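Peer 1: After the sequence you'll find the predicted model.
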Amino acid sequence: MNREGKEETQHLLRKSERNANKSWFYSNRKDEVQWHTEEASVAVDRFKTDLSSGLNVAEVEKRRSKYGQNVLPQEPPPSVFKMLLKQITDFMVLILLVAAILSFVLQDWVEGGVIMAVVVANVVIGFAEEYKAEKTMQQLKELTVPTATVIRQGERDVVEATQLVPGDIVLLEEGSLVPADLRMAETANMQAIEAVLTGESVPVEKSTQPIEDSNSPLGDRTNMAYMSTAVAKGHGTGIVVATGRGTEVQPGRGRPPDPGGGGES
């Protein structure tokens, strides 16, 4: 490869690294914008979106490439070895094992054998039940794909929640699960259950008015709807301001910075 070719290759590698760092930066930096203190129109302007028409398909794809999918990190399912170890180290099983060992030490082979048989039976049954339950949970996760009702290109559409991007316009109604962190722009008798975040099971009345205190608790940010909470009553429209790892429901999250134009590349 000649000198010009090497320089071009290095330039492309540096550019790719900058883009990767930019994407990581979005996902991990603490948000500079406290959306609950701002008018909803600020989120509309910052993300270059529109409440009536939403984003167009090209812009959605552009932002998805930049910000990634709207998913939370998932813990891998436990291995067979871990499930088996969990059963063996169960408190009652350990007591039975000690009893069996004492019986063998005292040369009471019959009693020791019976206790060991009980231990093996308990471990096998417990392991089988847990293994079956884990398989069922994995199958349910694969079958259940959360969806969100959005406005894109002026049309109402239902999409997979994982495909949401900052700036999407999301429609919520009674029974909806909130698919991302939203700054509410419109509400009508809307109440949300936020126990997953606050521990409070009493529904919270939602509004669109800004909150003056930038450090107010999540439960007091009545103009926000947070990912994984549920709409108990009414309906509303919100602007996606954070997705995936940037949401409040994600421990140790990294909030997105001021988008400065949303679709900027």
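Peer 2: That came through fine.

Peer 1: Return the distance of the residue sitting nearest the centre point of the chain relative to residue 138.
Peer 2: Nearest to the geometric centre of the chain sits residue 72, at 3.3 Å (C-alpha atoms, centre = their mean). The spacing between residue 72 and residue 138, counted by C-beta to C-beta, to the nearest Å, is 16 Å. For every residue, glycine as well, the C-beta is placed using N, CA and C.

Peer 1: Then residue 146?
Peer 2: Counting by C-beta to C-beta, the gap from residue 146 to residue 138 is 16 Å.

Peer 1: mind listing the helices for the protein?
Peer 2: Ranges of helices within the chain are 3-28, 40-46, 57-67, 80-88, 91-105, 109-143, 195-198, based on DSSP state H.

Peer 1: For those helices, please prepare TSV with the additional fields distance to residue 168 and mean pLDDT.
Peer 2: Shown next, in TSV, are the helices of the chain (distance: least, C-beta to C-beta, whole Å; pLDDT from 0 to 100):
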stretch	distance to residue 168	mean pLDDT
helix 3-28	16	46
helix 40-46	11	96
helix 57-67	7	94
helix 80-88	38	88
helix 91-105	49	91
helix 109-143	23	84
helix 195-198	21	86
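
Peer 1: With distance to residue 222 added, can I get the ones you listed in TSV?
Peer 2: Converted to TSV, the helices of the chain look like this (distance: least, C-beta to C-beta, whole Å):
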stretch	distance to residue 222
helix 3-28	27
helix 40-46	13
helix 57-67	26
helix 80-88	42
helix 91-105	45
helix 109-143	32
helix 195-198	12
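
Peer 1: Go through those and name the closest to residue 169.
Peer 2: Comparing the helices of the chain against residue 169 with C-beta to C-beta, the closest turns out to be helix 40-46 (8.9 Å).

Peer 1: just checking, what packs against that closest one?
Peer 2: The helices and strands touching helix 40-46, judged by 3 or more C-beta pairs under 8 Å, 6 or more residues apart in numbering; DSSP states H and E, are strand 181-193, strand 230-242.

Peer 1: can you give me the mean pLDDT across the last one?
Peer 2: Along strand 230-242, the predicted confidence averages to a pLDDT of 96.

Peer 1: by contact count, what packs against it?
Peer 2: Contact partners of strand 230-242 among helices and strands, from 3+ C-beta pairs under 8 Å, 6+ apart: helix 40-46, strand 169-173, strand 181-193, strand 224-225.

Peer 1: now do 6 Å
Peer 2: The contact analysis (3 or more C-beta pairs under 6 Å, 6 or more residues apart in numbering; DSSP states H and E) places strand 230-242 against strand 169-173, strand 181-193.

Peer 1: Throw those into CSV and include mean neighbour count, thanks.
Peer 2: Shown next, in CSV, are those (neighbours: other C-beta atoms under 10 Å):
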stretch, mean neighbour count
strand 169-173, 21
strand 181-193, 22
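
Peer 1: With that, I have no additional questions.
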